[in-house]
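**Q** Starting from these lines, generate the structure:
(one chain, ligands or ions: 4)
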Amino acid sequence: MNLSPIPIATATTRTTCPYCGVGCGVTASMKPDGGIAVSGDTAHPANLGRLCVKGSALGETVDLEGRLLYPQVRDEHGVMQRVSWDAALDKVAGKLSAIVAEHGPDAVALYVSGQLLTEDYYLANKFMKGYIGSANIDTNSRLCMSSAVAGHKRAFGEDLVPLAYEDLELADLVVLVGSNAAWCHPILFQRIARIKETRPHARLVVIDPRRTATCELADLHLPVKAGTDVWLFNGLLSYLAHRGGRDDAFIAAHTNGLDASLAAADADCADPATVARICKVELADLLAFYALFARTERVVTGFSMGVNQSSAGTDKVNSIINCHLLTGRIGRPGMGPFSITGQPNAMGGREVGGLANMLAAHMDLEHALHRDIVQGFWQSPRIAERPGYKAVDLFEAIDDGRVKAVWVMATNPMVSLPDADLVRRALARCELVVSSDVIEHTDTNALAHVLLPALAWGEKDGTVTNSERRISRQRAFLGAPGQARADWRIIADVAQRMGHDGFAFDHPQQIFDEHARLSAHRNGDVDAAQAWRRFNLAGLCGMTRQQYDALAPIQWPVLRDDDGQVHGTARLLQDLRFSHADGRARLVPTPPRWPAHAPDDDYPLVLNTGRVRDQWHTMTRTGKSATLANHVPEAFIDIHPQDALLYGVREGGLARISSRWGAMVARVQHGGGIARGSVFVPIHWNDQWASDARVGALVNPVVDPVSGEPEFKHTPVAIEQFRVAWHGFILTRHALALDDITHWTRVQGRDFTRFELAGRKPIDDHGQWARQLLGVDAPDADWLEYLDRSAGQYRAVHLVDDRIDMCLFLSSRPDLPSRAWLASLFAKPRLDEADRVGLLVGQPIDKGADAGPTVCSCFGVGRDTICEAIRSKGLAQVSQVTACLKAGGNCGSCVPEIKKLLVEVRAEGMEAPPTTPN
Ligand SMILES: Nc1nc2c(c(=O)[nH]1)N[C@H]1C(S)=C(S)[C@@H](COP(=O)(O)OP(=O)(O)OC[C@H]3O[C@@H](n4cnc5c(=O)[nH]c(N)nc54)[C@H](O)[C@@H]3O)O[C@H]1N2
Ligand SMILES: Nc1nc2c(c(=O)[nH]1)N[C@H]1C(S)=C(S)[C@@H](COP(=O)(O)OP(=O)(O)OC[C@H]3O[C@@H](n4cnc5c(=O)[nH]c(N)nc54)[C@H](O)[C@@H]3O)O[C@H]1N2
Ligand code: SF4
Ligand SMILES: [Mo]
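**A** Ligands and ions are numbered 1, 2, ... in the order given. Presented below is the predicted three-dimensional model:
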């Protein structure tokens, strides 16, 4: 089968990156070899032409390998069978109708995603709330942005992100709380980094329990004890109120709630020494931060998952916003609280009301007038009247049978929800599990009864909204592969089969128009004062298809002035009119409280989970790219060296961590800037990529009481050595069955797949074992092998026509040869004698042939190459490294790491730093 994407556009197409909430503009065009060339769109205001490494590697992820291309239904033997669209849609519609008829609308649910386009999202929400008549639609944004949404609603009366990216450049102080923006929002972070070059007085403070790449450029890093942010910001509120910085005129004219909030803050946090002790930061550093905040007018406080994903997430958000309200630092250039959104359309989902406790267009489910407005506009037969299940509750309701059917769209809950083993059990019990996805084999799809193939990025067409409320078009430049259909169309197909009108669309522009009209519907009417909302797309109503296709990125609210001119809004709240009925903002009392579960003797460490630079979530798309696999090739458990000693685990070896909910195995590493008492594990790896590295299985399912967002960053765990008899790895051009191997992990290479292995069962006959595993049985095969039984080392190589076909290395210890060097042999059309000798010796014969683990993914520059250049050429600055090796010269995501290497090489007296095997 041809796995190339199908071009439909001849010219360059301007579209938007499908990964993070920065929302960078991308241009895509065909390369002469049939591949897709992707570059940054210089005209897009979010990135002005820059892309991070994930965006730059998009072209590597659009092939059809692994794609879900046809509808499938599980047969009575549990085997997936390809079926026609009619059969699949009839099955979904028929079964949903039957369950609703028998058990009522609340017995079915949709679980959707911030990776849907606004048009898809709008329709899913309309289908569920207006036609099925239940609010059982929740989204993975519950796991991500819901604390920010709840915090905004409490403070502002509406879910508003007041500022624009430009405000970060106008700020004199940027505070990043629980955000590793250098890795997770790289282009935004580079905008911050560049201000420091042009305005050296500007300051960056990072508040994170880990010393992340983001801290490399910070003037001050406060390594707070996990979960203590509310103490820190209550302490700041108290400091500002009593020692200077408060804006009494603003407080009197525009806020409520000061007294109660200040009383709550003063009660526990008035004394900085106490706060410093609780937060485990140096008192001098804390006071330096408080004083800097107090004296700097233009402050932006950016926050992300270290804030939201907490059992006190909403209070963390409000404790931050309180400080901006007390100082009146909102609605003006260069200042304000700034929720940094994760997914490409986290914001679009909020606009259409995709959460189980919201209605469409920023209206409230629990408000009778709002329900009337929405139902009247939709002319729908019903409207949900009470909130549905939030994500974690939803899967519990599936587990105990209250919900009997779930349709999952564009998310992978088997990996990304807390207590993920419960999710497995729930889905296995559920009468009907439908999954709309673009990839065939995912952990969630393995449990689905019906798989519906959706169009992927590059094929789909619609709009997304980024962190600064900017609506941008995603445009198709590839044709629909196989029988894949747009998500909105699949929803409309099912709705219509269930007998619902209101879904007769044949282009996303019509859906966008309906969404825009609803946002303006009775918005600001005198007889509907309680339905006034900032979210308004009046200026985008009635666009023609051509206008929609040509839509330039624009920030909402989008209004039309008296001359008919359409204009967006860069900065909100300049008029200081908040969306509460009295027009005022609220300071919210946030009495501090500890995370739900504290470590104890059985589970003495705190598990913190998050992202690495070059992977996206459950790796269904980024996992395909060899460029992106290099930076962090396998899952790891980052632990402080002293804790490693204490618990008997060793860097480079395997360890098992377990919690009351589940367990996983990964490689131990140091160097992630982690404090004692905690471990950090990336969220990305799952059953498609490793035998046992799904961290969601361990995460406690405790949620924030207001937002329902899970406590992803704080689960008590235990760690122990994972004992094995041998370690090994394979690089191969072929598929492999590894069912009998104790532990494995898979890494995408450019011309091969790499497997890291470890086994419990000792191997007797290495040669026979290796030939069987690799499937090399021909007696005349070009097979080289070497065994040193006493050292416990074995190496085997299979060549075909002098070209390397596969190689396997085993050792009783995890001290195996460099994979980077072996990978380079796969690019060679034939191996020479030196390569063959090197293979058997287990290291390159030429000095310098080993680049080490990749630091710069854009130019493929390894750590050893960089360290060697620093040493031999006496380099002292990142710019010199870039001039010499190009590293760091494209997307810039690796600049913090190069900086660190410069320091380390010099500090260690010309020794390269140790790392895990690459
Ligand atoms: N490379 C990459 N980029 C991404 C994504 C991806 O998968 N890969 N996903 C996108 C999505 S959906 C999201 S939501 C964003 C997430 O972006 P971020 O929120 O920046 O990323 P995380 O790594 O989840 O967590 C951020 C930091 O919170 C810290 N933290 C943990 N506990 C606490 C605490 O109690 N207090 C404080 N102050 N900090 C704490 C962690 O140590 C971590 O460094 O990234 C987006 N961008
Ligand atoms: N332990 C831990 N867990 C976490 C987090 C954490 O920090 N720690 N973070 C949470 C956060 S913030 C988030 S956002 C979630 C993300 O978690 P998920 O949403 O589960 O992760 P993804 O891998 O992005 O899943 C997207 C799925 O949709 C598919 N897909 C891609 N494009 C399309 C499309 O156009 N249409 C359809 N129908 N399918 C598509 C992909 O193949 C993939 O299977 O993880 C959450 N889980
Ligand atoms: S920062 Fe990177 S991942 Fe995020 S939108 Fe831009 S290019 Fe895409
Ligand atoms: Mo997210």
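**Q** and the residue in the stretch 101-250 of the chain that ligand 3 sits nearest to, what element?
**A** Taking Cβ to the nearest ligand atom as the measure, the stretch 101-250 of the chain has Ile187 as its residue closest to ligand 3, at 3.8 Å. All C-beta spots, glycine's among them, are computed from the backbone N, C-alpha and C. Under the criterion DSSP states H and E, the helix or strand holding Ile187 is helix 186-198.
**Q** what does the stretch 201-350 of the chain have sitting close to ligand 4?
**A** Within the stretch 201-350 of the chain, the positions near ligand 4 by Cβ under 5 Å from the ion are Gly342.
**Q** Please identify the residues of the stretch 201-350 of the chain in proximity to ligand 2?
**A** Counting by Cβ under 6 Å from any ligand atom, the stretch 201-350 of the chain comes close to ligand 2 at Met305, Gln309, Gly342, Gln343.
**Q** please redo it, this time with the cut-off set to 5 Å
**A** By the rule Cβ under 5 Å from any ligand atom, the part of the stretch 201-350 of the chain lying against ligand 2 is Gly342.
**Q** where does the stretch 201-350 of the chain have low pLDDT?
**A** Under the criterion of pLDDT under 70, none of the stretch 201-350 of the chain is flagged as low confidence.
**Q** show me where it has helices.
**A** Under the criterion DSSP state H, counting those that start in this stretch, the stretch 201-350 of the chain carries helices at the ranges 229-243, 248-254, 258-269, 272-279, 283-295, 305-308, 313-326, 346-351.
**Q** Among these, which comes closest to Ala675?
**A** Of all these, the one in closest proximity to Ala675, counting by Cβ to Cβ, is helix 272-279 (11.6 Å).
**Q** Residue numbers of this structure in contact with ligand 3?
**A** Residues of the chain lying close to ligand 3 by Cβ under 5 Å from any ligand atom are Cys17, Tyr19, Cys20, Val22, Cys24, Leu51, Cys52, Lys54, Gly55, Pro186, Ile187.
**Q** Intersect the residues you listed with the contacts of ligand 1.
**A** For ligand 1, the contacts drawn from the residues of the chain next to ligand 3 by Cβ under 5 Å from any ligand atom are Cys20.
**Q** Go through the residues of the chain next to ligand 3 and say which is closest to ligand 4.
**A** Distance ranking of the residues of the chain next to ligand 3 against ligand 4, using Cβ to the ion, places Cys20 first at 8.6 Å.
**Q** That closest one: how many residues sit nearby?
**A** By the other Cβ atoms under 10 Å criterion, the neighbourhood of Cys20 contains 27 residues.
**Q** For ligand 4, what's the nearest residue on this protein?
**A** Distance from ligand 4 to each residue of the chain (Cβ to the ion) is smallest for Gly342, at 2.7 Å.
**Q** Please work out the average pLDDT along the host helix or strand of Asp513.
**A** In the assignment (DSSP H and E), Asp513 maps to helix 508-520. The predicted model assigns helix 508-520 a mean pLDDT of 98.
**Q** what does stretch 15-22 give?
**A** pLDDT averaged over stretch 15-22 equals 97, rounded to a whole number.
**Q** what are the C-alpha coordinates of it, in PDB please?
**A** These are the backbone C-alpha positions of stretch 15-22, laid out as PDB (Å, rounded to 0.1, in the frame of the first residue of the first chain):
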ATOM      1  CA  THR A  15      -2.400  26.700   8.200                       C
ATOM      2  CA  THR A  16      -1.900  26.300  11.900                       C
ATOM      3  CA  CYS A  17       0.300  23.900  13.900                       C
ATOM      4  CA  PRO A  18      -1.800  21.100  15.500                       C
ATOM      5  CA  TYR A  19       0.200  20.900  18.700                       C
ATOM      6  CA  CYS A  20       0.400  23.400  21.500                       C
ATOM      7  CA  GLY A  21      -1.700  26.400  22.400                       C
ATOM      8  CA  VAL A  22       0.800  28.900  21.100                       C
END
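**Q** got the contact list for it?
**A** Applying Cβ atoms under 8 Å, 6 or more residues apart in numbering, the set of residues contacting stretch 15-22 from outside is 23-28, 44, 46-47, 51, 54-55, 58, 115, 184-188, 340-344, 346-347, 457-458, 464, 466-467, 472-475, 477, 616, 621.
**Q** ok, 6 Å please
**A** Identification of contacts with stretch 15-22 by Cβ atoms under 6 Å, 6 or more residues apart in numbering yields 23-24, 26, 46, 54-55, 185, 187-188, 341-342, 344, 346, 457, 464, 466-467, 472, 474-475, 616.
**Q** domain parsing for the protein?
**A** Domain ranges of the chain: 13-61, 72-144+345-560, 146-339, 605-721, 726-849, 854-911, per automatic domain parsing.
**Q** Least reliable of those domains by average pLDDT, please.
**A** Here the lowest mean pLDDT among the domains of the chain goes to domain 854-911, at a mean of 86.
**Q** My reading is that Val73 is in a strand; is that accurate?
**A** Yes - secondary structure assignment places Val73 in a strand (DSSP: H, G, I helix; E, B strand; the rest coil).
**Q** Find the nearest non-adjacent residue to it, please.
**A** With sequence-adjacent residues excluded and distances taken as Cβ to Cβ, 6 or more residues apart in numbering, Val73 is closest to Val83, at 4.9 Å.
**Q** and Val800, what are its phi and psi?
**A** phi -130, psi 120 (degrees, to the nearest 10).
**Q** how much space between it and Asp687?
**A** Val800 sits 31 Å away from Asp687, going by Cβ to Cβ, to the nearest Å.
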